[in-house]
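Participant: Mind folding the following:
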Amino acid sequence: MKNLKHLKLEFRGETQGVLNKPEIKNCKTLALHVYNPFQSLPINELVDLRNEHLEVQSALFTTDNIETLIQSWIETRRDIGTSFSLGRETYEDVAEIFQYFVENSGAVPPKHSVISDGIVIDGVTFAIGNNQDLFMFASENTTEINERSINESSWFFNMKIIRRKTTITNENHEHKLSD
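Facilitator: This next block holds a predicted model:
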């Protein structure tokens, strides 16, 4: 399991400390799927992960969990390009997360849409220091429906650390996470 590039782990119960293993903490892309509707992943284990991309499929992963993850990224000065995806059922579910961060953390729509792989992506952005912004955006799951696992979501809430290109201004909010 040394030098893993991509790993998908499925949990139906406790993680049993599996996320603390160095090969899992440091693999490039880690996808975590939780199939227990009454249990989420322990946030204290997630903040210690150092993956370039982390994907979580869990109905119980909350905006508070996202906020804790963001705070950890800020404190540990994660690299530009670090990204996170959270599976959600509808675009409206993703939009609610955007709205939460606009109202509570001063996130603002970017002045210009970001173009990724030829697709225009709208979302919200806020400054996280060190000449970096956190860009939050939605994406649709492109996996064919018949190839998805039963609990795999149709939409993703995504966030990615990007290099600041312009100053972000919002007169109503400071650009920091709420306590």
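Participant: pLDDT weak spots in this protein?
Facilitator: Regions of the chain meeting the criterion pLDDT under 70 cover residues 1-2, 37, 110-122, 143-152, 166-179.
Participant: need the contact list for the most centrally placed residue in it.
Facilitator: Nearest to the mean C-alpha position of the chain, by C-alpha atoms, centre = their mean, lies Phe84 at 2.8 Å. By C-beta atoms under 8 Å, 6 or more residues apart in numbering, the contact set of Phe84 is 53-56, 66, 69, 158-160. Bear in mind the C-beta positions are built from the backbone N, C-alpha and C, glycine included.
Participant: now Asn65
Facilitator: Taking C-beta under 8 Å, 6+ apart as the test, what Asn65 contacts is 40, 43, 46.
Participant: which of the contacts of Phe84 lies closest to Asn130?
Facilitator: Ranked by distance to Asn130 (C-beta to C-beta), the contacts of Phe84 are led by Lys160 at 14.9 Å.
Participant: Can you report how many residues neighbour that closest one?
Facilitator: The local packing of Lys160 (other C-beta atoms under 10 Å) involves 20 other residues.
Participant: for Pro109, same thing?
Facilitator: Neighbour tally, Pro109, other C-beta under 10 Å: 14.
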